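1. 3D model of this:
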Amino acid sequence: PLRWGVIGCGRVSHDFTQALKHLPTATVVACAARSEDSAKAFAEKHGIERYYGSYDDVLNDDSVDIVYVGNIHIFRRDIGEKCLMANKHCLLEKPFTCTAEDARYLINLAKER
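-> Just a heads-up that it's a prediction; the model follows:
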């Protein structure tokens with residue numbers, strides 16, 4: 001199965017994680033929030049093995065193949081860049097950036113990587 005990491009442990013990430021549970025080819029193996037307590041609660045609710053209080057820890061987790069980014073939209077450009085630089089596939093929730101310039105930047109970076 002494709003092993004997902006989830007960044008941002010709010011409502012949208014909850015909905016996405018619930019949807020992934022219906023796919024036999026996907027499993028969520030890690031999650032991260034700005035606070036470890038939030039990540040732990042999210043992990044317990046969804047049966048996720050590993051949780052982190054740092055987004056970077058998900059990106060450094062070798063068991064994560066792809067990252068779903070559902071945190072606050074103003075941070076998605078930076079997190080998207082970090083995902084790509086860590087050689088992780090990523091799915092950024094909409095809006096995936098706040099400006100067209102940032103969108104072009106991430107698209108070009110993805111093509112390069």
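2. other SSEs contacting the strand or helix carrying residue 103?
-> For residue 103, the host element (DSSP states H and E) is helix 100-112. The contact analysis (3 or more Cβ pairs under 8 Å, 6 or more residues apart in numbering; DSSP states H and E) places helix 100-112 against helix 76-85. (Glycine included, C-beta is placed from N, CA and C.)
3. Just the residues contacting the helix holding residue 103, thanks.
-> 77, 80, 81, 84, 85, 92, 96, 97 (Cβ atoms under 8 Å, 6 or more residues apart in numbering).
4. quick one: contacts for the fifth one?
-> By Cβ under 8 Å, 6+ apart, the contact list for residue 85 reads 109, 113.
5. So residue 36 sits against residue 57, correct?
-> No. Here residue 36 does not reach residue 57: they are 9.7 Å apart, not a contact under Cβ atoms under 8 Å.
6. Output the contacts of helix 100-112 as JSON lines; include the columns pLDDT and distance to residue 16.
-> Below are the contacts of helix 100-112 laid out as JSON lines (pLDDT from 0 to 100; distance: Cβ to Cβ, whole Å):
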{"residue": "77", "pLDDT": "92", "distance to residue 16": "19"}
{"residue": "80", "pLDDT": "95", "distance to residue 16": "16"}
{"residue": "81", "pLDDT": "96", "distance to residue 16": "21"}
{"residue": "84", "pLDDT": "96", "distance to residue 16": "19"}
{"residue": "85", "pLDDT": "96", "distance to residue 16": "23"}
{"residue": "92", "pLDDT": "94", "distance to residue 16": "11"}
{"residue": "96", "pLDDT": "89", "distance to residue 16": "14"}
{"residue": "97", "pLDDT": "92", "distance to residue 16": "18"}
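7. who's in contact with residue 2?
-> Listed by Cβ under 8 Å, 6+ apart, the contact set of residue 2 reads 25, 26, 27, 65, 66.
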